[in-house]
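In: Next come a sequence and a model predicted from it.
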Amino acid sequence: VLDYFPIDTLVCKTSAMSFYQKLKRFTNNAFPERVPDRYRELMRVSWLWKDLKHRKWFGFGNDAEQDPGDGRLALFCSACHQPGLNLPADWNVWYDR
């Protein structure tokens, strides 16, 4: 379910509440009102799932002691200014603020 939630929200452009209503129908199609309200839990778990997947992708998934610092879970952006890559080494001399 947690793998299909981001796909459903991005590709099908459905809201989280619509996805949750769909889950309620899958759980009990005849009486969906009898299914307990777990919308907040779905939102919390989906956020945690996304965070765990990002930690795994960037090498922090197996080490619970190591906390990623600022910018450690960010993707590399080649369009952003990177000293030594797409900025000259003396960029701060040339571009004073």
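Out: Great, that's in hand.
In: Would you enumerate the residues in contact with Pro83?
Out: Applying CB atoms under 8 Å, 6 or more residues apart in numbering, we find Pro83 in contact with Ala89, Trp91. All C-beta atoms are positioned from the backbone trio N, CA, C, and that covers glycine.
In: Run through the bridge partners of it.
Out: Beta bridges link Pro83 to Leu87 when assigned by DSSP bridges.
In: can you tell me how far it sits from Leu73?
Out: The gap separating Pro83 from Leu73 is 21 Å, by CB to CB, to the nearest Å.
In: can you check Glu41 too?
Out: Taking CB to CB as the measure, Glu41 falls 24 Å from Leu73.
In: More neighbours: which of those two?
Out: Between Glu41 and Leu73, counted using other CB atoms under 10 Å, the more crowded position is Leu73 (14 against 11).
In: ok so that one is a helix residue?
Out: No. Checked against DSSP: H, G, I helix; E, B strand; the rest coil, Leu73 lies outside a helix; its state is coil.
In: Quick check: it touching Phe58?
Out: Yes. With contact defined as CB atoms under 8 Å, Leu73 and Phe58 form a contacting pair (5.3 Å).
In: helices and strands of this structure: which one bottoms out on pLDDT?
Out: helix 91-94 (a mean of 75; mean pLDDT, DSSP states H and E).
In: So which residues make contact with that helix?
Out: Contacts for helix 91-94 (CB under 8 Å, 6+ apart): His81, Pro83, Pro88.
In: Now tabulate those in CSV and tack on pLDDT and distance to Trp94.
Out: CSV is the format used below for the contacts of helix 91-94 (pLDDT from 0 to 100; distance: CB to CB, whole Å):
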residue, pLDDT, distance to Trp94
His81, 81, 13
Pro83, 77, 12
Pro88, 78, 7
